[in-house]
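Peer 1: Here is my input, please return the structure:
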Amino acid sequence: MRYAILLPLVLNIVQARAQNLVPNGSFEEYTECPSNMGQVERAVGWTGNLGSPDYFNRCNNTTNDSVGVPLNFISYQEAYDGDGYMGGGTYLQDAPTFRECFQHALSNPLVPGIPVYLSMMVSAGGFGNDPNNNSIRYASNGIGMKFSVEPHSNYLYWPGNIALSMASVLNDTAAWVQVNGVYIPDSAYPYVTIGCFM
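Peer 2: Okay, the predicted model is just below:
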């Protein structure tokens, strides 16, 4: 069984001076066009830290349509802005604590006590070119952001201290939905992780 997918794009974490703290927040800069699933690291600065999330980009349409834009193995979805987006499993029926997440180092650590505005665009996967993924079967809520002092690199469910979380179930495969909020950090966090934390 495959999973529902999260497709965030145009990620913004803005502190007092209206500076976006997430370099390459729209996944447009890449070292190499993705040629297969699980190649998050090809988007400059991004790493997969739980499971094996995927990087999708329009540059791929002539080599491997499993990670192209708009059609790929898990969805048919235009990029919200530009040519790329990330995807990851938010729920797997046979392994309820499994998640696929990806992370980036912030351009500057958060300042304890100083509010930050968090915003990202998300869309549910479904109706891609893989016949086993022809609908959204495992929609979930809890899609959001977490911050950490160190990068995470394990497959364990990672609850608690969630900075931003989507309360409703993400199940519209056609539209991009904005998830946003304000977070007051309690530490000088230098890393942000995107995924499902419910």
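
Peer 1: what about the residue lying farthest from the centre of the chain, which helix or strand?
Peer 2: The C-alpha centroid of the chain is most remote from residue 113, which lies 25.6 Å away (Cα atoms, centre = their mean). Here residue 113, judged by DSSP states H and E, is contained in no helix and no strand.

Peer 1: What distance do you get for it to residue 147?
Peer 2: Separation of residue 113 from residue 147 (Cβ to Cβ, to the nearest Å) stands at 14 Å. The way it works is simple: take the backbone N, C-alpha and C, and place the C-beta from them, glycine included.

Peer 1: Please apply the same query to residue 99.
Peer 2: From residue 99 to residue 147 the distance is 16 Å (Cβ to Cβ).

Peer 1: Pick out whichever of those two has more residues nearby.
Peer 2: residue 99 (28 against 25; other Cβ atoms under 10 Å).

Peer 1: where does this structure dip in pLDDT?
Peer 2: 1-18, 50, 61-64, 131-138, 153-160 (pLDDT under 70).

Peer 1: how about a cut-off of 50?
Peer 2: The model of the chain has pLDDT under 50 over residues 1-6, 9-10.

Peer 1: Okay, and the beta partners of the closest residue to residue 90 other than its chain neighbours?
Peer 2: Spatial nearest neighbour of residue 90, excluding adjacent residues (Cβ to Cβ, 6 or more residues apart in numbering): residue 196 at 3.8 Å. Beta-bridge pairing of residue 196 under DSSP bridges involves residue 143.

Peer 1: Near residue 196, how many other residues are there?
Peer 2: Residue 196 has 26 neighbouring residues, counting by other Cβ under 10 Å.

Peer 1: what do residue 113 and residue 147 both touch?
Peer 2: Contact criterion Cβ atoms under 8 Å, 6 or more residues apart in numbering; residues shared by residue 113 and residue 147: residue 185.

Peer 1: mind listing the strands in the protein by residue range?
Peer 2: Using DSSP state E, the strands of the chain run over 5-6, 9-15, 19-20, 47-50, 54-57, 84-89, 101-105, 116-122, 143-148, 162-165, 177-183, 191-196.

Peer 1: neighbours around the spatially closest residue to residue 185 that is not a sequence neighbour, how many?
Peer 2: Nearest non-adjacent residue to residue 185, counting by Cβ to Cβ, 6+ apart: residue 110, 4.0 Å away. Residue 110 has 24 neighbours, counted by other Cβ under 10 Å.

Peer 1: give the contact list for residue 110.
Peer 2: Contacts of residue 110 were listed using Cβ under 8 Å, 6+ apart, and they are 13, 15, 21, 116, 147, 185, 187, 188, 189, 190.
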